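[1] Kindly return the folded structure for what I paste below:
(one chain, ligands or ions: 1)
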Amino acid sequence: MKQALYTSNISLEIGHFSLNKISASIPEGKITGIVGPNGSGKSTLLRILSNLQKPDDGSIVIDEKSIKDYKGKELAQTLAMMPQAKSSLPNITVKELVQFGRSPYKGYFRSNSYQQDEQIVEWALRLTNTEHFTNRMFHTLSGGEQQKVRIALALVQKAPILLLDEPTTFLDITHQIEVMELVETINREEKMTIVMVLHELQQAASYCDYLVVMKNGVIAQAGKPKELLTSSFLKDIYDIEAKVKYEEGYPLIIPIKGKQKVNI
Ligand SMILES: Nc1ncnc2c1ncn2[C@@H]1O[C@H](COP(=O)(O)OP(=O)(O)OP(=O)(O)O)[C@@H](O)[C@H]1O
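    Here you go, the predicted structure:
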């Protein structure tokens with residue numbers, strides 16, 4: 001299977017934390033989930049993949065080319081990143097915000113670009129079902145609505161690779177499912193490679209084709225969700241006692257009450 005991007009032996013030290021020799025492969029045209037306990041290095045890895053953070057060592061190859069050989073706008077046309085919802089955005093209208101995502105395509109010598117940019121903004125707002133918020137101030141939207149607009153902002157970059165950092169955190173179950181269905185639609189219809197940091201393992205199992213599992217700054221495991229998610233996986237990675245049952249082909253994680261180690 002072709003890789004959309006891969007890393008070789010990435011290492012980084014920040015404060016007391018270190019990422020150690022991360023070699024990860026992201027399959028092209030698939031949905032990959034990065035999962036693992038809090039503080040295991042998932043967001044740091046995503047930031048390195050999107051060039052927001054430089055590693056101390058190791059290499060990153062995107063579409064057969066080293067990340068170091070990309071020019072700024074060229075990288076933004078290849079890879080779009082949606083940071084965590086806790087990162088702030090300017091309080092402007094939804095349309096003005098999403099228009100920002102077209103900046104990698106702005107230049108002195110481009111003709112007809114305004115009309116093309118408008119069409120792409122409209123396409124992203126339609127796809128994310130946010131077109132009725134076009135003239136609303138971004139900060140007046142609910143958390144779930146804002147999350148869809150953030151995805152639209154990343155989509156207008158028209159990059160074939162989309163990185164999403166915790167797209168469902170802070171959302172209720174309805175909006176979580178709506179966002180995951182949207183991610184699946186983007187992957188299937190737009191043929192985009194998607195990489196997302198997720199906490200919810202059942203969601204990861206239902207929507208991801210492939211999982212990269214991090215623990216203590218290293219890749220502990222990687223593979224297809226249905227093969228990875230077992231009782232011993234939950235014990236090894238999360239230190240919890242749980243049964244895993246299958247319902248309509250998907251794993252169901254059932255924690256065993258009274259058997260957990262409590263660290264309070
Ligand atoms: N700028 C920084 N300075 C110091 N430590 C940092 C910095 N950025 C991240 N860390 C630390 O690195 C570790 C990994 O952080 P990271 O956000 O990558 O983990 P994560 O797996 O995404 O966590 P979570 O699931 O809780 O979001 C954490 O212990 C964090 O405190």
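[2] Name the residues that touch the helix or strand harbouring E178?
    Applying DSSP states H and E as the criterion places E178 in helix 173-190. With contact meaning CB atoms under 8 Å, 6 or more residues apart in numbering, helix 173-190 is reached by 29-31, 127-129, 143-144, 147-148, 151, 155, 162, 164, 167-168, 171, 192-194, 196, 200, 203, 206-207. Heads up, the C-betas are built off the backbone N, CA and C, glycines and all.
[3] Packing partners of the very next helix or strand once past it?
    Per DSSP H and E, helix 173-190 leads on to strand 193-197 as the next helix or strand towards the C-terminus. The contact analysis (3 or more CB pairs under 8 Å, 6 or more residues apart in numbering; DSSP states H and E) places strand 193-197 against strand 25-27, strand 31-35, helix 42-49, strand 161-165, helix 173-190.
[4] is the ligand contacted by the third one?
    It refers to helix 42-49. Yes. Using CB under 6 Å from any ligand atom as the criterion, contacts between helix 42-49 and the ligand involve K42, S43, T44.
[5] rewinding a little: just the angle for the helix holding E178 relative to strand 31-35, thanks.
    140 degrees (axes from the mean of the first three to the mean of the last three CA atoms, to 10 degrees).
[6] Any buried residues in helix 173-190, and which?
    Buried residues in helix 173-190, counted by 16 or more other CB atoms under 10 Å: H175, Q176, E178, V179, M180, L182, V183, I186, N187.
[7] And for stretch 134-145?
    Neighbour counts using 16+ other CB under 10 Å place F138, L141, G144, E145 of stretch 134-145 among the buried residues.
[8] and the chain, which residues reach the ligand?
    Counting by CB under 6 Å from any ligand atom, the chain comes close to the ligand at I14, G15, F17, G36, N38, G39, S40, G41, K42, S43, T44.
[9] out of those, which is most surrounded?
    Ranked by neighbour count (other CB atoms under 10 Å), the residues of the chain next to the ligand have G36 at the top, with 26 neighbours.
[10] Surely that one touches L228?
    No. Assessed by CB atoms under 8 Å, G36 is found out of contact with L228, at 11.6 Å.
[11] could I have the single longest strand found in the chain exported to CSV, CA atoms only?
    In the chain, with assignment by DSSP state E, the single longest strand is strand 3-14. The C-alpha trace of strand 3-14 is given here as CSV (Å, rounded to 0.1, in the frame of the first residue of the first chain):
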residue,chain,number,x,y,z
GLN,A,3,2.3,5.7,2.0
ALA,A,4,1.0,9.3,2.0
LEU,A,5,3.7,10.2,4.5
TYR,A,6,6.1,8.5,6.8
THR,A,7,8.6,9.4,9.4
SER,A,8,12.0,7.8,10.2
ASN,A,9,13.5,7.8,13.7
ILE,A,10,12.0,11.1,14.8
SER,A,11,13.2,12.2,18.2
LEU,A,12,12.4,15.3,20.2
GLU,A,13,12.9,16.5,23.8
ILE,A,14,10.6,19.1,25.3
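[12] what pairs with it, and is each one parallel or antiparallel?
    Within its sheet, strand 3-14 is paired with strand 17-22 (antiparallel), strand 25-27 (antiparallel), strand 57-62 (antiparallel), according to DSSP bridges.
[13] How about it, which residues are buried there?
    For strand 3-14, a neighbour-count test (16+ other CB under 10 Å) marks A4, L5, Y6, T7, I10, L12 as buried.
[14] Out of those, which is nearest to the ligand?
    L12 (9.2 Å; CB to the nearest ligand atom).
[15] my guess is that closest one contacts L45, does it?
    No. Using CB under 8 Å, L12 is not in contact with L45; the gap is 9.1 Å.
[16] Give the residues shared as contacts by these two.
    L19.
[17] a markdown table please, covering the helices and strands packed on strand 193-197 and showing mean pLDDT.
    Below are those laid out as a markdown table (pLDDT from 0 to 100):
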| stretch | mean pLDDT |
| --- | --- |
| strand 25-27 | 95 |
| strand 31-35 | 98 |
| helix 42-49 | 95 |
| strand 161-165 | 96 |
| helix 173-190 | 93 |
